[in-house]
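>>> structure for this input, please:
(chains A and B)
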Amino acid sequence: MWRYTLKRLIWLVFTIIGVAFLIFTIMFFTPGDPAKIILGNSASEAEIMALREHLGLNAPYYVQLGNFVYSLFVKLDLGTSYWTGISVISELLNRAPRTLMLAWICILLNTVIGIPLGIACAKHQNKILDRIVMILSVIGASMPGFWFALMLIVLFAKELGWLPVYGIGTWKHWVMPIIAGSLAGLANNARQTRSTFLETMREDFVTTARSKGLSDAVVTYKHILPNAVLPLIGQLGAAFSNSLGGTVIIESVFVFPGVGEYMTSAIANNDYPIIRGGIIILAVFAVLANLLVDLAYAYLDPRIKAQYVQLGKKRGI
Amino acid sequence: MKRSSLFRLIAAVLCLLLVLSACSNSGDGDVSNSPSESSNTPGINSSDDSMVNQDEVEGTSIHDLLVVAGEDPTMINPNNGNNDSLIMSVYETLFQCPYFGAPMEPLLADGTRGEFGGYDHEKGTSVYTVYLKDYIYDSAGNHITASDVAFSYNNKVAEGWAMQIQTFWGEDAVALDETTVQFNFTRELTQAGEVEAALSVPWIYAEAAWNASSDGMASEACGTGRYRLVEYISGNHMTVELRDDYWETDESKIAVNQQAFYQTVRMDFIQEDSVKVISLDKGDLDVAKLSATSFANYQNNDNFKTYTILDNRLCFLFANCSEESIMSDVNMRLAVFNAIDLDALQIFMGEGTFARAYSSAHAGYELYSTDWENWDNYNARKNGEGLALVDGYLEAAGYDGETLRLYADNQTESVMTVVLSQILNAGINAELFVLQGSALDALYADPTQWDAGCGMVGSSDYICNIFNNEKWDTRKLNTGMTSGFVQDDELQAAVETMMNADTFNQESVEAVLHIIYDNAYTMCLGSNVNNFVLNSNIAAMRFSSRNWPIYTAFPWVD
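Here you go, the predicted structure:
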């Protein structure tokens, strides 16, 4: 497996090269002039040209690409924002921990609460607990996150006064963003777990396990759960790869300075270095997430691990 | 009742509750698409003008903390003194115009020296000599001298941020001695507002402060202003603190808009209207700009003060006058512009959100004349009077049902949606396309791709500078035409006469307006309304020369 892992990590470098080339080319040929956006409509051609010269936008495509590739792979520098003049890497390093912590706590909550809820619903199918949780799941999954976030503010900040309305600083500032960010994922996890659990419960091997006299707990957690949770691994992987940019709404409502808001502003302002740097980082996350998902699959399902090993032997790795 | 029926009933009740709660949600951030329904909707004349004044206010005190809601400036580089955040209180300029339309007065410059109160200039030359006060220190303790002033200007140009001074910037500024700096521009500054642009816009900072910064002062600030920047978290907040070592100790020399009433001022970058409303009600915010719908709830609330002000920027509809467009015919342009009912537009956009225009400016600009509101042209018509003229113009243009291609960006999409419906209602086929501002620039350069576009234009000082851009002045582009492909020598001559500081007066402005309206080159639709809600302890609002609020100078009365 370690060879497989190493190979995937080597491919990560080629992926970054491909993404870098692609995103640079797309941004280069996208209509729009960052200098004109920065200076505004009243700027003259001379003013715009001066700023373009300073930002290096007047150089031909291959020169700009060369500079970008050199900065990225030799100096490991994602560039400097046209608007703020601040290094993209330093700003991402400032914001990413906040966003990642928010996203990963939400993922953790979704998993820790959603999966057991789903199991409980499956084991008590069509009973009162199942009905209530499923109704709440449908509501949670279909409720707009933006609206839910505002309702949390009205309840906990305005009416009860327990929590601050917005911002960062103390642990209290994290409570509502985490609740708002977890809701949809938790609801989906619960429903998905219930569905796959019910499917797996009806398999022959489960009947065999029960007929052997194994306890309900052993049947549930040793036989059913490893099989039922496999589809969820894929979902968790997708959630992980989206964690950097997927909290933009939460960041906007709670004035939470994160990567989502950073990228969104950059797109509106045609701030190429931030867009390029952000997408490269997102690509790295996506590749790592896929790798982790594959490794998790191999760990949980011996059949998949055996497939990897056989494939490796055939290719002489 | 059967269990299945019970669950169906519960599900139905929950769905109904969801729908009702969604319908009752109000105070959203974007009200520009719906007419205001509240009976307390403010009209554009509902503001209390005593809230904005340049007089001294009695009974003021230094309050500990003021919290305001604002937009993230994203850039605090002193070379780009072009944002309305608290950073305005950190840096200062050689001269200042204390408020919108005010004459220029010395700030860092020494008004006791020089023929013009701080500077010398011999008519007919391009040399301007500015005299500096000799006791200016920034928040890091650096003594500001003429060489720092020269450095500030030269560095601004070298970094590509020359902006308003680019068109006349020549050689580097030179420090003749400790308190004298000389500018040698490429020409004499004869256009209205150019001297102000040269001497009252660029921020001054110490060369030592620039060299000490690790990122070109992109994330740090060190200026001569009354406040120092203590914290800036992009996307969250900015905090400034009152300096106890401000260089000007003579209170009589401190202008009203430079007064300080707060030990600390924090600007939180809140985007959502609902969050601002809740924060105001909780007392977490002292000042916020709100949408009309949210603002209406504060109009008669004794716990708050309110003020509305028209935005400097105006929304213009401009025609593609090239031969490739159906708008090349003046009759077609007159038909389209007369089809637009500006009073109805104001109602649809929301009375507290948008104010219609009667001419190519609004009453906030000096030299604006209310006489223009009664001129006989499409811009001044009221209650849809122009609609009766549309058919005649269409017939004269020989209109045969071609589709008019209208373009807007994100800022003007709401307005143009209403305009589109009015144009369609008048019997003109039209289609609206919305593009990002950057993509629009590329499109407008191709005369075959569009017929009319909508954009925001404004001036931060004189009314003539509304027209100081490519929509009316052919000098802004290298094509010899305006961005609407107009090549009108009479218009260009009138614009240049108006722009000249010696001939800038009401007569020259009206000459330009007459040509614009006779040829139907552009139409001013209106401007946005800024609605401010303030803590009741705030006695007045002070605005900069660009009509940006100077929060640190809002007098506080306990």
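>>> measure residue B:537 to residue B:243 for me?
Between residue B:537 and residue B:243 the computed distance is 23 Å (C-beta to C-beta, to the nearest Å). Placement of C-beta: from N, CA and C, glycine included.
>>> look at these two and report which has more neighbours.
Taking neighbours as other C-beta atoms under 10 Å in any protein chain shown, residue B:537 and residue B:243 compare with residue B:243 leading, 19 against 16.
>>> I'd guessed the more buried one sits against residue B:230; true?
No: contact criterion C-beta atoms under 8 Å: residue B:243 and residue B:230 do not qualify, at 10.7 Å.
>>> stretch B:119-127: how far from the chain's middle?
Here the centre of stretch B:119-127 is set off from its chain's centre by 31 Å, with C-alpha atoms, centre = their mean, to the nearest Å.
>>> stretch A:96-105 too?
With C-alpha atoms, centre = their mean, you get 10 Å for stretch A:96-105.
>>> near chain B at all, that stretch?
No: against chain B, stretch A:96-105 shows no contacts by C-beta under 8 Å from any C-beta of the partner chain, the least distance being 9.4 Å.
>>> what residues sit buried inside that stretch?
Of all the residues in stretch A:96-105, those buried under the rule 16 or more other C-beta atoms under 10 Å in any protein chain shown are A:96, A:98-100, A:102-103.
>>> can you give the contact residues for that stretch?
A:168, A:174, A:177-178, A:181-182, A:239-240, A:242-244, A:246-247, A:250-251, A:256-260, A:281 (C-beta atoms under 8 Å, 6 or more residues apart in numbering or on different chains).
>>> and what of stretch B:371-379?
B:334, B:337-338, B:340, B:342, B:357-360, B:380, B:386, B:510, B:513, B:517, B:520, B:523-524.
>>> span of it from start to end?
Terminal residues of stretch B:371-379 lie 13 Å apart, using C-alpha to C-alpha, to the nearest Å.
>>> flag every residue of the stretch 401-550 of chain B that's near chain A.
Checking the stretch 401-550 of chain B against chain A by C-beta under 8 Å from any C-beta, the hits are B:436-439, B:441-443, B:455-457, B:465, B:468-470, B:475-478.
>>> so which of these are in strands?
Taking DSSP state E, the ones among these that sit in strands are B:455-457.
>>> okay, now the unreliable bits of the stretch 1-150 of chain B?
Low-confidence segments of the stretch 1-150 of chain B, defined by pLDDT under 70: B:1-3, B:18-54, B:81-84.
>>> which stretches of it form helices?
B:3-24, B:146-158 (DSSP state H, counting those that start in this stretch).
>>> circling back: can you flag the buried ones in the contacts of stretch B:371-379?
B:334, B:337-338, B:340, B:342, B:357-360, B:380, B:386, B:510, B:513, B:517, B:520, B:523-524.
>>> burial check on residue B:6, number of neighbours?
That count, for residue B:6 with other C-beta under 10 Å as the rule, works out to 11.
>>> measure it to chain A for me?
Relative to chain A, residue B:6 is positioned 10 Å away (criterion: C-beta to the nearest C-beta, to the nearest Å).
>>> buried residues in stretch B:520-536?
B:520-535.
>>> what pLDDT, on average, does the longest helix along chain A get?
Ranked by number of residues, the top helix in chain A under DSSP state H is helix A:88-123. Throughout helix A:88-123, pLDDT has a mean value of 91.
>>> give me the residues contacting the following helix or strand past that helix.
Later in the chain than helix A:88-123, the nearest helix or strand by DSSP states H and E is helix A:128-142. Helix A:128-142 has contacts (C-beta under 8 Å, 6+ apart) with A:117, A:120-122, A:124, A:183-184, A:186-188, A:190-191, A:194, B:7, B:10-11, B:14, B:18.
>>> out of these, which are buried?
Counted by 16+ other C-beta under 10 Å, the contacts of helix A:128-142 give A:117, A:120-122, A:183-184, A:186-188, A:190-191, A:194 as buried.
>>> so which residue is smack in the middle of the chain?
Picked chain A for this. With distances taken as C-alpha atoms, centre = their mean, residue A:242 lies nearest the centre of chain A, 1.8 Å away.
>>> find the nearest non-adjacent residue to it, please.
residue A:103 (7.8 Å; C-beta to C-beta, 6 or more residues apart in numbering or on different chains).
>>> can you give me the neighbour number for the closest residue to chain B within chain A?
Per C-beta to the nearest C-beta, residue A:32 is where chain A lies closest to chain B, at 2.2 Å. By the measure other C-beta under 10 Å, the count of residues near residue A:32 is 18.
>>> any residue of stretch A:250-265 touching chain B?
Yes: with C-beta under 8 Å from any C-beta as the criterion, chain B is reached by stretch A:250-265 at A:251-258, A:261-262, A:265.
>>> count of residues packed around residue A:204?
7.
>>> where are the low-confidence patches of the chain?
All of this refers to chain A. In chain A (pLDDT under 70), the answer is A:41-42, A:44, A:308-309, A:311-317.
>>> I was thinking of chain B, sorry if that wasn't clear
For chain B, the ranges with pLDDT under 70 are B:1-3, B:18-54, B:81-84, B:437-438.
>>> run the last query once more with 50
B:24-47 (pLDDT under 50).
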